[in-house]
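Student: Return atomic coordinates for the entry below.
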Amino acid sequence: MSTIFTLFMVLIMIASILLIIVIMAQNPKGGGLSGTFGGTSSAQFGVQRTNDFMEKATWTLGIIIVALILLSVILTAKPVQTFQQTAPAKKEAPAPQTAPATNNPATAPVQTPAAPAK
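Tutor: Reported below is the predicted structural model:
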């Protein structure tokens, strides 16, 4: 079970690092990686494709991370025991062991007379 959890953690870490790299390559003003390939105008050939790729890569990696986290929780979770509405069965006490009957009056139980009613 822990190997599955470890596998999910490694995949989540790899996807997170890739997401960080993709986000750091972007420029908040639209230049980013596309600015190094021919200016800041998004109307030039290839520049719009780079912006689209970066945006799609960001969304895809984010979705992959969320999906891996949910799968790891579902697949590695311990099952929860449900409570039953019926009362649990009571354990019966073991029957007391009795000594074998003998004709010896010394071992017979002594009965006390009942007190008279007043």
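
Student: Please count neighbours and contacts with C-alpha atoms only from this point.
Tutor: Will do.

Student: And the host helix or strand of residue 19, what does it pack against?
Tutor: Using DSSP states H and E, residue 19 maps to helix 2-25. Applying 3 or more CA pairs under 8 Å, 6 or more residues apart in numbering; DSSP states H and E, we find helix 2-25 packed against helix 47-76.

Student: for the helix it packs on, what is the average pLDDT?
Tutor: Here helix 47-76 scores 87 as its mean pLDDT.

Student: rewinding a little: next, the buried residues of the helix holding residue 19.
Tutor: By neighbour count with 16 or more other CA atoms under 10 Å, helix 2-25 contains the buried residues 5, 8, 11-12, 15-16, 18-19, 22-23.

Student: As a markdown table, the residues you listed with pLDDT and distance to residue 65 would be great.
Tutor: Formatted as a markdown table, those follow (pLDDT from 0 to 100; distance: CA to CA, whole Å):
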| residue | pLDDT | distance to residue 65 |
| --- | --- | --- |
| 5 | 86 | 14 |
| 8 | 92 | 10 |
| 11 | 95 | 8 |
| 12 | 95 | 6 |
| 15 | 95 | 6 |
| 16 | 96 | 7 |
| 18 | 95 | 11 |
| 19 | 94 | 9 |
| 22 | 91 | 14 |
| 23 | 89 | 14 |
